[in-house]
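Novice: let me see the structure of the following:
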Amino acid sequence: MAIPATPHEDALHLINAPVAVIGAAADDVLGGLTCAWLTRVTSDPVRIVVSIAPERYTHRLLKVGGYFSISILREGQVDAGRLFGLHSRRDRDKWAEIDHVLLEGGVPALSDCAARLSCRLVERLLVGDHELFVGEVVTSEVVSGAPALPMRGRDYA
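Specialist: Down below sits the predicted model:
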């Protein structure tokens, strides 16, 4: 799904964000996608929000699974970002193609990444053409560390 161009795109692309793969699981199915829009939203408890379009396959898994993972990609992981950003679980089992671990709730996360977090879903909010999934961080691990792979325009969508 292409992001519709707006007169604001040039300014919006200056908002710095890492490339992250969101992992989800439900009904013995693993899903995942590259997410451009995520941020920490509280300190106590630590909560992160990810923004996912409802037509994404992983959206349904997020709604029913109760947990999700965030794998923050490190520099040099463009191919992993594209694997999860350009292909749908409807057509391709992306997790079968990449080394991964299972975290709380059986959700997959990349074995190799800058860092990974496991989140328990605590709230959802439909806003415009996306749904926000708020997760409370249950576990986190710095794997290879910085620098994270920065989101650059439409590289992964």
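
Novice: and residue 35, how far is that from residue 53?
Specialist: 10 Å (Cβ to Cβ, to the nearest Å). Every C-beta, even on glycine, is put in place using the N, C-alpha and C of the backbone.

Novice: assign residue 60 to helix, strand or coil.
Specialist: Counting by DSSP: H, G, I helix; E, B strand; the rest coil, the backbone at residue 60 sits in helix.

Novice: got the contact list for it?
Specialist: With contact taken as Cβ atoms under 8 Å, 6 or more residues apart in numbering, residue 60 is in contact with residue 26.

Novice: same check, this time on the one 4 residues further on
Specialist: Each residue near residue 64 by Cβ under 8 Å, 6+ apart is listed here: 26-27.

Novice: mind checking the SS state of it?
Specialist: Assignment for residue 64 (three-state DSSP): helix.

Novice: tell me where this structure has strands.
Specialist: With DSSP state E as the criterion, the chain has strands at 20-26, 29-35, 38-43, 46-52, 67-72, 100-102, 108-110, 115-127, 130-142.

Novice: turn these into TSV, including mean neighbour count.
Specialist: What follows is the strands of the chain, written out as TSV (neighbours: other Cβ atoms under 10 Å):
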stretch	mean neighbour count
strand 20-26	28
strand 29-35	24
strand 38-43	12
strand 46-52	19
strand 67-72	27
strand 100-102	18
strand 108-110	24
strand 115-127	16
strand 130-142	16
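
Novice: bridged to the spatially most central residue of the chain, which residues?
Specialist: The centre of the chain sits closest to residue 22, judged by Cα atoms, centre = their mean, with a distance of 2.6 Å. Beta-bridge pairing of residue 22 under DSSP bridges involves residue 33, residue 70.

Novice: close enough to count as contact, it and residue 35?
Specialist: Yes. Contact criterion Cβ atoms under 8 Å: residue 22 and residue 35 qualify, at 4.7 Å.

Novice: are there residues contacting both of those two? Which ones?
Specialist: In contact with both residue 22 and residue 35: 50, 52, 70, using Cβ under 8 Å, 6+ apart.

Novice: let's have those residues in CSV, adding distance to residue 81 and pLDDT.
Specialist: Supplementary listing: the shared contacts of residue 22 and residue 35 in CSV, determined by distance: Cβ to Cβ, whole Å; pLDDT from 0 to 100:
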residue, distance to residue 81, pLDDT
50, 15, 97
52, 16, 96
70, 13, 98
